[in-house]
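**Q** Kindly return the folded structure for what I paste below:
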Amino acid sequence: MIQKLLTDIEMEVKYNIYTEQKNLIAVKNLKELLNQIDYEAEAVPLEDKHKLSRLLVTLKGRALSDAENQLIERIIRK
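**A** As a prediction, the model looks like this:
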């Protein structure tokens, strides 16, 4: 019984670590993309999810990951 509970807890912790690691990679990627912007020459659309996503896709050269898109949602909500 206790072994089963510990195994369940272990699996939950591993999943959380995996998820948070994906989020950390997304943060790193978006920071790198945003560092490419010349803020004096270009306005960053922080209130418009679609415009911000398009800008980041253009900078990245391909579609954003699910974790990156979720991070954009968090940025827009703040």
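**Q** so who does the spatially most central residue of the chain touch?
**A** In the chain, the centroid-proximal residue (Cα atoms, centre = their mean) is Glu68; its distance is 3.1 Å. Contacts for Glu68 were tallied using Cβ atoms under 8 Å, 6 or more residues apart in numbering; they are 26, 29-30, 56. Every C-beta, even on glycine, is put in place using the N, C-alpha and C of the backbone.
**Q** Select from the residues you listed the one having the most neighbours.
**A** Greatest neighbour count in the contacts of Glu68, by other Cβ atoms under 10 Å, goes to Leu56: 22 neighbours.
**Q** Setting aside sequence neighbours, what's the nearest residue to that one?
**A** What sits nearest to Leu56 in space, not counting adjacent residues and going by Cβ to Cβ, 6 or more residues apart in numbering, is Leu33, at 5.3 Å.
**Q** Buried ones in the one helix or strand that neighbour maps to, by neighbour count?
**A** Element membership for Leu33 (DSSP states H and E) is helix 2-34. Along helix 2-34, these residues count as buried under the neighbour rule (16 or more other Cβ atoms under 10 Å): 26, 29-30, 33.
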